[in-house]
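> Need a 3D model of the sequence below.
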Amino acid sequence: RAADAADVTALSVWVGEQDGTIRVRNAANGAYTSKKPEQWIAAVGRAYVAAMVQVGEHEMWCAYSDGYLRAYDVETKEKLFEKKKHVGSVTCIATCGDYVFTGSEDFKIIAWKASTKAMVTAFLGHKNHVKALHVHEGRLYSAGADGVVRCWSVKDESEVVSHPFPLVITAKSANTGKAIPADVSALHA
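Reported below is the predicted structural model:
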């Protein structure tokens, strides 16, 4: 449809490049929206962007391999904030209302209040890297290298409460034939 094509033409796609920079591309043709390096978001040391999500109309929150969460203005590309609450690489990110959730190699999920940029709480329960987060109908699902999928209840806009009920995903060991936890790296509810 012509309307769909017009929507795609107007869209831009933020891309975490292999060299650690973030560049913006046109969704319709894949071309960079700017060839000027000063309009890119520069690499930070050797860190790369593992995941990102747009929060509200003007902020792009980026999960970095150095354990930092950084946010940028969608229009100006100016850094809005930089926070480090994870010990390992931040591997995934998801949103629900005024909350942003980050998962990490440190086995933790951290809940952030988007409006204040403050850490609200940490969800503990995974015994290995948190590799995927997904929000569906007010519930946060997390999956990790421990083979466990957990469901956390996001009670309301003012309080985040966790109620994990683990679903253990197993695979058959090639050596022993016994069931072992499988590495879960993506999920969707």
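> okay, and for the protein, where does confidence drop off?
For the chain, applying pLDDT under 70 flags the ranges 1-10, 155-171, 173, 180-189.
> What segments of it are helices?
Per DSSP state H, the chain carries helices over the ranges 2-10.
> What's the separation between the residue nearest to Leu69 when sequence neighbours are not counted and Gly16?
Once flanking residues are discounted, Leu69 sits nearest to Lys83: 5.0 Å by C-beta to C-beta, 6 or more residues apart in numbering. For glycine as for every other residue, the C-beta is placed from the backbone atoms N, C-alpha and C. Lys83 sits 18 Å away from Gly16, going by C-beta to C-beta, to the nearest Å.
> returning to what we had before: next, count neighbours for the residue nearest to Leu69.
17 (other C-beta atoms under 10 Å).
> Surely it touches Tyr68?
Yes. Counting by C-beta atoms under 8 Å, Tyr68 is a contact partner of Lys83 at 6.9 Å.
> ok, Ala152 touching Tyr99?
To be clear, residue 152 is Trp; Ala isn't right here. No. If you go by C-beta under 8 Å, Trp152 and Tyr99 don't touch, sitting 10.8 Å apart.
> Ala43 versus the closest residue to His134 other than its chain neighbours, what's the distance?
Excluding the flanking residues, the one nearest His134 by C-beta to C-beta, 6+ apart is Tyr141, at 4.7 Å. Separation of Tyr141 from Ala43 (C-beta to C-beta) stands at 31 Å.
> Touching, Gly20 and Val49? I think so.
Yes. Counting by C-beta under 8 Å, Gly20 touches Val49, with 7.5 Å between them.
> Please say which of these two ends up with more neighbours.
Val49 (22 against 18).
> which residues does that one form a beta bridge with?
For Val49, the residues forming beta bridges with it (DSSP bridges) are Tyr64.
> one step back: bridge partners for the residue nearest to His134, pull those for me.
In this entry, Tyr141 is beta-bridged to His134, Cys151, by DSSP bridges.
> Please apply the same query to Ile109.
Gly103, Phe123.
> ok, residues contacting stretch 90-103?
Contacts to stretch 90-103, defined as C-beta atoms under 8 Å, 6 or more residues apart in numbering, come from residues 50-53, 55, 61-65, 67-69, 85-86, 104-105, 109-115, 120, 123, 129-135, 138, 140, 142, 144, 154, 157, 160.
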